[in-house]
Each structure stands twice: as C-alpha cells, then as structure tokens.
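Undergrad: Got a predicted structure here, sequence first:
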Amino acid sequence: MKRAEALQLIGGLRVFEETAGASELKIGIIDGPVATGHPDFRGTRFQTLADEASPACKIDTSFSCQHGTFIAGMLGANRDSEAPALCPQCTFVLRPIFCEERGSGGACPVVTPKDLAVALVEVMETGAKIINLSLGLIDDELHNHPELKQVYDEAAQQGIILVGASGNQKRIGALPLFEHPWVIPVAACNSQGRILKESNTGTFAALRGLLAPGENIASTSSKGGLISMTGTSMAAPWVTGALALLWSLYPEVAALEVVTAILRPSTSRKQITPPLLNLEESRNYLHQVVSRKRALRRGSTMKYTSSSGIVPAGATVPVPTLSSSTVQSQGCLSCEESHEYASETTHPSYVYAIGQLKAKFPSEGVRREFNRVAHLAKYKVPDDRLIYEVLKDGRFLYLAWEMDWVLENHDVGIYLVKPRSDIELTEMVEALKPSGGQSTYSVVIGVQVPNGGPGKLNVIHLPWVICNQFYHFTFAEFTQNIVQQAGVTQAIAENMFQSMMKKTDNTGATDASRAINYLVMRYMAIYTGMATMVQENYSFVAVHVEPVMVMGNRQLVDVIFEYETKDVGRRLWQGCRVDVTGLFPFLVAELSPRIPSV
C-alpha cells in the first residue's frame, strides 16, 4: 500500500501536508535496533539513551534489525522517501529491545513483560511524550505482572501516550498484556479498510483501539532501499504518527485531549473490530477544543502538557472513557468549559449489560480500613470469601459504598457501577458470594453518566453507570431455567447458553445491544426456538439487529437469529421485535420466521 493511498484511507492527506512534526516532541521507539545510516534517515534526529550502547544494527540481516529499521522509517524517514515518513521533524528516542542473534525468523519479535517495563521506564525518563510498541508479548495476563502495570499507570499519570500493536495470532478476545486503559491497541487493515484476518481484535480493542493500514506497507530496509511488510506492527506507527502530527499542530493540549481526539468522541463502536483511524476528523475535533481554549486563555505560553490541569497531585491521569458508541473524556478543561464539550444528545444513555461484577479498592485508605475491620471481626473464612463476608455485614455497609464496583466482560472492565440505593448495593454484594467454581453472571440496567457524582475521581478510567436494577445468577441456575422452559437436557441447555453468550457478546450500550441482552436474559422463547433448530440439524451462526421505521418517538428494532445446516449450508432465520425506547426494553412481536432485509 503506497503512502498516498494509506493517507487517503485514514483521512490524513491535509494534516500530512500541514506539518512534518515538531523537533521538541520526542517519540520513543521500543523495537529492534535501527540501521541509522540508511540514506532515508539523513537529517533525522535520533537520540540514544545515556546508559545504552549504540542503537544501530550490528547484524543488518537479522529480523530484529529489519523490524526496527522498518518502524523507524515509517515515522522518521525523510519526506522525499517512499516510506510513510509520517513525522520526520520529531525527535526519536531509540530503545532496542530485541537481540539480533535471534536471526531472521518470520515471527514477530517477542519480549517478556519485565523487559518491556524496564525499557518503558528508560524511554519515559528521556521526556518522550509518545511511545510506539510494535511488538509481541508472551501470552499472559497483565495482573500477573504488577511491575508492567505500574509502569503503564505511571505513563498515564505523566501523560505519556502508549500505542501498541494488537498482534497477529488471529485471536478474538483478550489482548493479554496490552489490556490497560492507557494503551491504544491498533489492529491492521487492508487498502479497503477491512481488518486483516490474522489481526487480533476483541472487546478491548473495539472499545479502546483503532484500525490502521497494515498490509504491504513499504518502509526502510536495514539492507538499504525499501521493503514491504504486513502486520499489526506496521499498523501501530500510523496511529503514533497521527498523534505526533496532531500534537505538533496543537502543542498546548493535554495528553488526555489528544488521545480523546484520536479515538474520536462521535465514533460508533458497535462491532468487535475497532473503527478506522481518521486523522481529519481527529484534527477537526481537536481544533474545536483548542479554539475554545485559546479564546478563554489568551496570552498563555504554549507547551506540551501532560495533564488536564484538574487532576489532584499524585492521582492517575484520567483516560478517555469508551463505550460501545462514544468516547468521552473523564476530565474537563475547566469548570466553566465542561458544558461546552457535552454531546448535543440530551436523552439518557441507557445500559443493559451482562458481565461479572468485581469489588475493587479505590484507594489505599479504603484497603486499610477494610483490613482493620476484617481483623477486628475475626472472620475465619478463606481469602476468596473474605471480601464478601465483610461487605455483607450490615455494620460495614459504609465500606461497600466506598468500593469501586466494576462490571467486567472477559476480564476486561467495561463499567463502574454506582448503585442507586442500599437495595441495589445489597444485591451487588451478594453477587460476590463464591459459587463453588461456577461462573456468576451479573446484569446491570441503568443510565450511563459522565462521572460518578460530586467528589468522585474515576481512577479506573471506565464509564459510570447509575444502576436502577441489578440481578445475578450462576451458570447452573440459568441453564436449569432453560431446561425447564425449553424442555431440553442440561447438556443441550449449557451448549445453547454458551453459544448465545459467545455470539451476542457486547457492552449493552447501544439500542441493538440492549435489545439482544434483554432477549438473552428474559425471553426464553429464543432458547426453545434454538432447541427446535438444533433437532433439525441447524447450528446457530449469528444474530442481526435491524432498526424499524415507526411514526412518533418510539425506537423499535428487529432482532434476527440466523441458523445454518451443518451439511448443505441452507439458512433459516427467526426474529422478534423489541421496543428499546426507555430504560427497560420490552417485547413487541413474538419470535417467528423472518428474513433479514439485507
């Protein structure tokens, strides 16, 4: 994919012509060593870490050298090169992390979390404001590596933006060690803007990430000239470069504001894949923000800002909150300005979400108070039951109110849940009760709000939901209900519920998602219909949602379940109609044979 074609795809032509970056803006590249003597790097400002040896390649045929040189060329090659050369006037801090002795294998370089944590700290100490991470990590969970999470937290607090490649393992689901709200995961697309089949994606990437060109990208080769490569490593620098160009045009904005701009508040996030990077839209959004700020703050000194100016000292810089349909900043530019940036939409943002509820300590003070009362009460229970036993005790209800209640989906936080009253709070505490190894599902029905109310600092960086109704159940309880209603065996009920949850995975923030989740939880006829289709040798393959044109102000959708035979590929559809106008969806038309409009 040529540079002009890629820039047109991501709406970057105008910004690309306006600026080549600013020398004061430092960009960290944690990757392989770089062939800094390449002719296309003539005049490029490379900075070496004080305690490190030269970042130049020792073995120019190694894959690590090729990879590092390629990524550096995408960002820092001269504009007269045919490489993307996104922001060559910036200063680049090179931190090699891949050893060249690994040879020229075809797999992406892999590092350990500890390696990455050390490298990040070193680059952050140089004053880098954006760090590109076109690398793979061992398949592990972030919570197993507190040293890396701590560095991510520190980057957020300092306003240092982290951009990571989502990976090329064809995975749909978790992105293990990049699942931190301050890391922007980037998946790769082709010249038509369609995600590459090998590109990882999932809930986290869809909610907090972007799609960028990653197929047949041409950039600098460690052997001289250019080479073409494909993958998410090639996609991440487009986002890094876009951030650099925006920050060069508007150096006075905070890190949070430029991240919010790149993720775009008006972007729909209804699919499992993230939206395509659109630099023109991001620039227009940021221009409006800056124009208002400049009008209110005439004569201020321009500088790169790491926080929004309203975060208490020592607190984590808020990360833009992403729902399935919007991106919202958790902070405001000033108390007077906060209403200016509010969405023009005035109707409530309803949520009908399914997930697993976790109670987390919002601060060290709350943690210590919990430990104090637990010690005084002398509970003799296993550690995994202690938090439930303490919080269910009426004497300690005040602690339950202080906890951060996080609704998770596939171990990724999607909402901070704020109970409306003691009734909802008591139900939420009961959801913590250990269930003998079974999965416990929680359902939250409520209204999404921009913050948790007066005095609430959202340090987990998730959207708040005021919970109007909460209930929970175990896997066994729900499948037993299916057995009774659909007249099937326990094994079939379990398979049906698991299949339904997998095919309808969402965050419950759009009309379509709310309708689906309402049916999955409340309308047993869809399981009866599925059981019938299974007996006729059909498999459940997908669910579609179509809006219904109606008079007045009602909002109706058709939810259509698609089935396919296992042998000849014949398809059938069953659908029903749901009213999603208010907080509580309800059924309008029963399940019956349907044909999608498309």
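TA: Cool, the structure landed. Just so it is clear, the model here is predicted, and its values are computed rather than measured. Numbering: from 1, shown residues only.
Undergrad: Any idea how far stretch 405-422 is from the middle of the chain?
TA: How far stretch 405-422 lies from its chain's middle: 16 Å, per C-alpha atoms, centre = their mean, to the nearest Å.
Undergrad: end-to-end on it?
TA: Using C-alpha to C-alpha, to the nearest Å, the end-to-end distance of stretch 405-422 comes to 14 Å.
Undergrad: List the contacts of stretch 581-598.
TA: Contacts to stretch 581-598, defined as C-beta atoms under 8 Å, 6 or more residues apart in numbering, come from residues 348, 350, 352, 445-447, 468-469, 514-515, 518-519, 523, 525-526, 529, 544, 546, 553-556, 558, 560, 562, 572-579. Placement of C-beta: from N, CA and C, glycine included.
Undergrad: among those residues, which ones are buried?
TA: Buried members of the contacts of stretch 581-598, scored by 16 or more other C-beta atoms under 10 Å, are 350, 352, 445-447, 468, 514-515, 518-519, 523, 525-526, 529, 544, 546, 555-556, 558, 560, 562, 573-579.
Undergrad: Before we move on, what's the pLDDT of the most centrally placed residue in the chain?
TA: In the chain, the centroid-proximal residue (C-alpha atoms, centre = their mean) is R208; its distance is 2.5 Å. Here, the pLDDT recorded for R208 equals 84.
Undergrad: Look up how far A509 lies from it.
TA: Applying C-beta to C-beta, to the nearest Å, the value for R208 to A509 is 14 Å.
Undergrad: How about P146?
TA: In terms of C-beta to C-beta, P146 sits 30 Å off from A509.
Undergrad: Please identify which of those two sits among more neighbours.
TA: With neighbours defined as other C-beta atoms under 10 Å, P146 and A509 compare such that A509 has more, 26 against 12.
Undergrad: Next, that one: phi, psi?
TA: Main-chain dihedrals, A509, degrees, to the nearest 10: phi -110, psi -10.
Undergrad: Pretty sure L407 is one of the things it touches, is it not?
TA: No. Counting by C-beta atoms under 8 Å, A509 stays clear of L407, with 11.5 Å between them.
Undergrad: between those two, what contacts are shared?
TA: A353.
Undergrad: I figured A476 hits Q438, correct?
TA: Yes. At 5.7 Å, A476 counts as touching Q438 under the criterion of C-beta under 8 Å.
Undergrad: more crowded one of the two?
TA: With neighbours defined as other C-beta under 10 Å, A476 and Q438 compare such that A476 has more, 15 against 12.
Undergrad: Quickly find the element holding that one.
TA: According to DSSP states H and E, A476 maps onto helix 475-486.
Undergrad: Tell me the helix or strand right after that helix.
TA: Past helix 475-486, the next helix or strand by DSSP H and E is helix 490-503.
Undergrad: List the buried residues in that next one.
TA: So, applying 16+ other C-beta under 10 Å, buried residues of helix 490-503: I492, A493, E494, N495, M496, F497, M500.
Undergrad: what's the closest of those to N216?
TA: M500 (38.6 Å; C-beta to C-beta).
Undergrad: Identify the residue spatially nearest to that closest one, adjacent ones excluded.
TA: Nearest non-adjacent residue to M500, counting by C-beta to C-beta, 6 or more residues apart in numbering: V520, 5.7 Å away.
Undergrad: For the one helix or strand the one you found maps to, C-alpha coordinates in PDB please.
TA: Using DSSP H and E, the element containing V520 is helix 511-522. Taking Å, rounded to 0.1, in the frame of the first residue of the first chain, the C-alpha atoms of helix 511-522 are listed here in PDB:
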ATOM      1  CA  ASP A 511     -30.100   0.000  21.200                       C
ATOM      2  CA  ALA A 512     -29.100  -3.200  19.400                       C
ATOM      3  CA  SER A 513     -27.000  -4.500  22.300                       C
ATOM      4  CA  ARG A 514     -29.700  -3.700  24.800                       C
ATOM      5  CA  ALA A 515     -32.300  -5.500  22.800                       C
ATOM      6  CA  ILE A 516     -30.100  -8.600  22.400                       C
ATOM      7  CA  ASN A 517     -29.200  -8.700  26.100                       C
ATOM      8  CA  TYR A 518     -32.800  -8.300  27.100                       C
ATOM      9  CA  LEU A 519     -33.800 -11.200  25.000                       C
ATOM     10  CA  VAL A 520     -30.900 -13.400  26.100                       C
ATOM     11  CA  MET A 521     -31.800 -12.800  29.800                       C
ATOM     12  CA  ARG A 522     -35.600 -12.500  29.700                       C
END
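Undergrad: can you give me the mean pLDDT across it?
TA: 91.
Undergrad: chain center to it, what's the gap?
TA: Centroid separation for helix 511-522 versus its chain: 22 Å, with C-alpha atoms, centre = their mean.
Undergrad: Show me what that helix is packed against.
TA: For helix 511-522, the packing partners by 3 or more C-beta pairs under 8 Å, 6 or more residues apart in numbering; DSSP states H and E come out as strand 349-360, strand 538-548, strand 556-565, strand 571-579.
Undergrad: Mind putting the ones you listed into TSV with distance to G68 and mean pLDDT?
TA: As requested, the helices and strands packed on helix 511-522 are exported to TSV (distance: least, C-beta to C-beta, whole Å; pLDDT from 0 to 100):
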stretch	distance to G68	mean pLDDT
strand 349-360	38	92
strand 538-548	41	88
strand 556-565	46	91
strand 571-579	48	92
